[in-house]
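Participant: Below are the sequence and a predicted model for it; my questions follow.
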Amino acid sequence: MIFGNLLRKFLLLELWQGMWVTLKNQFRPHITVEYPRETLEFAPRFRGVPRLRRDPQTGEELCISCLLCEAICPTECISIVSEKKADGKGKDLVSFTINYERCCFCGLCVDPCPTKPITAIYMSHDYEFAGYDRDVYVADRRELVDGLPVKLYDR
Ligand code: SF4
Ligand code: SF4
């Protein structure tokens, strides 16, 4: 037994076994991608960060400040401020923020949104965020509509 172990060590058998596994896998199709040069194709229902959108016809923001998304959010990361319109009919949106640090991407905020034919809030495909500052992850109304600015970091 001792002799067998010594022989394995002397012949570097574990090393050759490892090299053989590496060699075999060199010729298999790659299942990973070289991010960020390549990215995966997402399923249509992929849930990135929630965002707001405009009416594709008019370009107007769709949110009517009903507060339903704020009420249903389980992590309380949506914060909306609105005020009554001068004519008393409906509300004007003053501010709308989502704290992405607390968002769990559950998508519940989209379900009760009453705007038609598309919801004002939606789960986007955006997921590439990185920053040194926590404020980066609190998206205000403009960023929710237009998207967060992408920063490229050099080494
Ligand atoms: S996805 Fe879920 S956690 Fe995130 S804002 Fe919507 S309801 Fe809140
Ligand atoms: S549920 Fe829709 S319309 Fe109501 S406040 Fe949220 S985003 Fe705006």
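Facilitator: Received, thanks. Since this is a predicted model, take the numbers as computed values, not measurements. Numbers count the residues shown, from 1 in each chain. Ligands and ions are numbered 1, 2, ... in the order given.

Participant: what residues does the longest strand seen in the chain touch?
Facilitator: Ordering each strand of the chain by length in residues (DSSP state E) puts strand 91-99 first. Residues from elsewhere that reach strand 91-99, judged by C-beta atoms under 8 Å, 6 or more residues apart in numbering: 49-50, 52, 61, 63-65, 77-85, 137-141, 144. In short, each C-beta sits where N, CA and C put it, glycine included.

Participant: now stretch 117-125
Facilitator: 42, 46-53, 55-56, 61-64, 69, 105, 107, 109-110, 113, 147.

Participant: Would you pull up how far that stretch lies from the middle of the chain?
Facilitator: Stretch 117-125 has its C-alpha centroid displaced from the chain centroid by 14 Å (C-alpha atoms, centre = their mean, to the nearest Å).

Participant: And for stretch 5-12?
Facilitator: On C-alpha atoms, centre = their mean, the centre of stretch 5-12 falls 50 Å from the chain's centre.

Participant: Ligand 1 contacts on this protein?
Facilitator: Proximity of the chain to ligand 1, by C-beta under 6 Å from any ligand atom, involves residues 50, 73-75, 77-78, 98, 103-109.

Participant: Return the helix or strand of the chain with the lowest mean pLDDT as CSV; C-alpha atoms alone will do.
Facilitator: When the helices and strands of the chain are scored by mean pLDDT, DSSP states H and E, helix 2-10 comes last with a mean of 82. Coordinates of each C-alpha in helix 2-10 appear next as CSV, following Å, rounded to 0.1, in the frame of the first residue of the first chain:
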residue,chain,number,x,y,z
ILE,A,2,2.7,2.4,1.0
PHE,A,3,4.7,1.4,-2.1
GLY,A,4,1.6,2.0,-4.3
ASN,A,5,1.1,5.5,-2.8
LEU,A,6,4.8,6.3,-3.3
LEU,A,7,4.6,5.1,-6.9
ARG,A,8,1.5,7.3,-7.6
LYS,A,9,3.4,10.3,-6.2
PHE,A,10,6.6,9.6,-8.0
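
Participant: What mean pLDDT does the very next helix or strand once past it get?
Facilitator: Using DSSP states H and E, the next helix or strand after helix 2-10 towards the C-terminus is helix 13-26. Helix 13-26 shows a mean pLDDT of 93.

Participant: List the strands paired with the helix or strand just after helix 13-26, with their directions.
Facilitator: Counting by DSSP H and E, the next helix or strand C-terminal to helix 13-26 is strand 50-52. Looking at strand 50-52 with DSSP bridges, its partner strands are strand 121-123 (antiparallel).
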